[in-house]
Structures are given as structure tokens and as C-alpha cells.
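Asks: give the three-dimensional model of this entry:
(2 chains)
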Amino acid sequence: AQSVTQLDSHVSVSEGTPVLLRCNYSSSYSPSLFWYVQHPNKGLQLLLKYTSAATLVKGINGFEAEFKKSETSFHLTKPSAHMSDAAEYFCVVSDGYNNDMRFGAGTRLTVKP
Amino acid sequence: DAGVIQSPRHEVTEMGQEVTLRCKPISGHNSLFWYRQTMMRGLELLIYFNNNVPIDDSGMPEDRFSAKMPNASFSTLKIQPSEPRDSAVYFCASSPPPSGYNEQFFGPGTRLTVL
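Replies: Numbers count the residues shown, from 1 in each chain, chains lettered A, B, ... in the order given. Below is the predicted model:
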């Protein structure tokens, strides 16, 4: 069975500085990996996904993530944080076999002016 | 496309009452998921359907919860009787084939408050 661990429950950055949200996964198969964002009182929106193509995946709003099999990681980054990036971010792993998607506990990103 | 549609958006009810949450998935999607989100437990998968058939309901908390998908365009999640600890935001999501490789598209959620 697969699982995902988000290493930080809360990350705080200043506007204009880089963002790093860390995610490690465990999977018996070649996994599909996703990052979702949830703004307050909203549903979850897909930021980006990895499905065994290029290991560096670009998403919406300037976010990107790199799949590193040797480190079993899929960290989310953005070069310059914007106030509108303040939200909860979820890392998700799927084994692509039986629709079993596992969500991480989430990382709350705070952006300070 | 209108996206995943959930109704109602907000529901306030009293303990013991029956609550029915509704979901219309995106047309063409063959997988549907019900989640519950609370501060204490985070996001929990309750049940998911594939081609209208319940595949995994191991996340349904107890017999008070039931879910149906009578056709490809409609699903319900029912709680009877409701209890204050059921207060949460309930999300419905759908996913296109092939199952497991595609992202889930989430609805806006139903915020349930049980007094």
C-alpha cells in the first residue's frame, strides 16, 4: 500500500521569497503523484501531477515539483511567493492500480507581507 | 463544463435528523469519491464508486452513513440519524478513466453543522 508524508504542517515565508513544501512517498508500484491546493472555504484544486513522464513537472501559478525516485520525494517549489499563495497544500500518491489515492495531512502555507 | 456540483452548500440541522448531501459529477467521469474534512482528522475518504458501483466503503464511519449512485450523473450521501460529531465539510470528487492515473476534480463542498 502506498502512503505519503508531508514533512511540515506549517510553512511561513515572506512575499517574494522561495517556497518549498516537502513530500515523501511510499509506493509498491510506479506511482502517480499530485499536489492540490485548498484556499480557505474552497474545494481542492489540482496544481500539478506526475505520471511517469518528465521528472520535473510544471503546474499552475508558477509552481513546480520534481520527482526523485532515489529519495522517494516530490517536493513542491515556487521561486517567489505571492500573498495569494497562502493556502493549504496536499501531496497525494496513487498507485494507478485501483484508484487508491492517499492524501497527506496537508501543509499550511502562510505568506507574510 | 460546470465542474462537480454539490448541494446544498451549507446545511444546519439538529441532532437526530436525516441529512442528504447530493453530488453531480463531471460528465464523462466514471469514478466518484466522497470525502469528509475536519480540523481534527483532516481529509478522509469515505467511499468511492467506479461505474456507479461502490468499490471501497471502508472509510464510512458507521451504519448511520450510506451512499448511493443510481446513475452516472448523480450520487447521494445520507446520514441518519445525524450527530454533532458529523459536523464537517463533505466533498465530492470525480475522476475520468482510466482509473487511478487521473486527478480528481473536487466540488466546492457542503458544510454540515449538526446542533
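Asks: okay, CA-based contacts and neighbour counts for the rest of this
Replies: OK.
Asks: what residues are up against residue 59?
Replies: Went with chain A since none was named. A:Leu47, A:Leu48, A:Lys49 (Cα atoms under 8 Å, 6 or more residues apart in numbering or on different chains).
Asks: that's the wrong chain, I wanted chain B
Replies: B:Glu44, B:Leu45, B:Leu46, B:Ile47.
Asks: can I get the residues you listed in CSV including secondary structure?
Replies: Shown next, in CSV, are the contacts of B:Gly59 (DSSP: H, G, I helix; E, B strand; the rest coil):
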residue, secondary structure
B:Glu44, strand
B:Leu45, strand
B:Leu46, strand
B:Ile47, strand
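Asks: any idea how far the residue most central in space within chain B lies from chain A?
Replies: For chain B, B:Trp34 is the residue whose C-alpha lies nearest the centre (Cα atoms, centre = their mean; 3.0 Å). According to Cα to the nearest Cα, to the nearest Å, B:Trp34 stands 12 Å off from chain A.
Asks: quick one, what contacts that residue?
Replies: Counting by Cα under 8 Å, 6+ apart, the residues that B:Trp34 touches are B:Leu45, B:Leu46, B:Ile47, B:Tyr48, B:Leu77, B:Tyr90, B:Phe91, B:Cys92, B:Ala93.
Asks: out of those residues, who's the most crowded?
Replies: B:Cys92 (32 neighbours; other Cα atoms under 10 Å in any protein chain shown).
Asks: from what I see, that one and B:Ser31 are in contact.
Replies: No - B:Cys92 is not in contact with B:Ser31 according to Cα atoms under 8 Å; the separation is 10.6 Å.
Asks: which stretches of chain A have low pLDDT?
Replies: Where chain A drops to pLDDT under 70, the residues are A:96-99.
Asks: tell me the pLDDT of B:Gly100.
Replies: As predicted, B:Gly100 sits at a pLDDT of 59.
Asks: which residue is the nearest non-sequential neighbour of A:Leu46?
Replies: Among residues not flanking A:Leu46 along the chain, A:Tyr36 sits closest, at 4.5 Å (Cα to Cα, 6 or more residues apart in numbering or on different chains).
Asks: burial of residue 12, as a residue count?
Replies: You didn't say which chain, so I picked chain A. 13.
Asks: look at chain B instead
Replies: 12.
Asks: okay, and the most centrally placed residue in chain A sits in which element?
Replies: Closest residue to the average C-alpha location of chain A: A:Trp35 at 3.5 Å, with Cα atoms, centre = their mean. Here A:Trp35, judged by DSSP states H and E, is contained in strand A:32-38.
Asks: centre of the chain to that strand, how far?
Replies: Centroid separation for strand A:32-38 versus its chain: 5 Å, with Cα atoms, centre = their mean, to the nearest Å.
Asks: ok, now stretch B:92-112?
Replies: 10 Å.
Asks: give me phi/psi at residue 25?
Replies: All of this refers to chain A. phi -130, psi 160 (degrees, to the nearest 10).
Asks: oops, chain B please
Replies: Main-chain dihedrals, B:Pro25, degrees, to the nearest 10: phi -80, psi 170.
Asks: quick one: stretch B:67-82 to chain centroid distance?
Replies: Stretch B:67-82 sits 8 Å away from the centroid of its parent chain (Cα atoms, centre = their mean).
Asks: for that stretch, what is the average pLDDT?
Replies: Stretch B:67-82 shows a mean pLDDT of 96.
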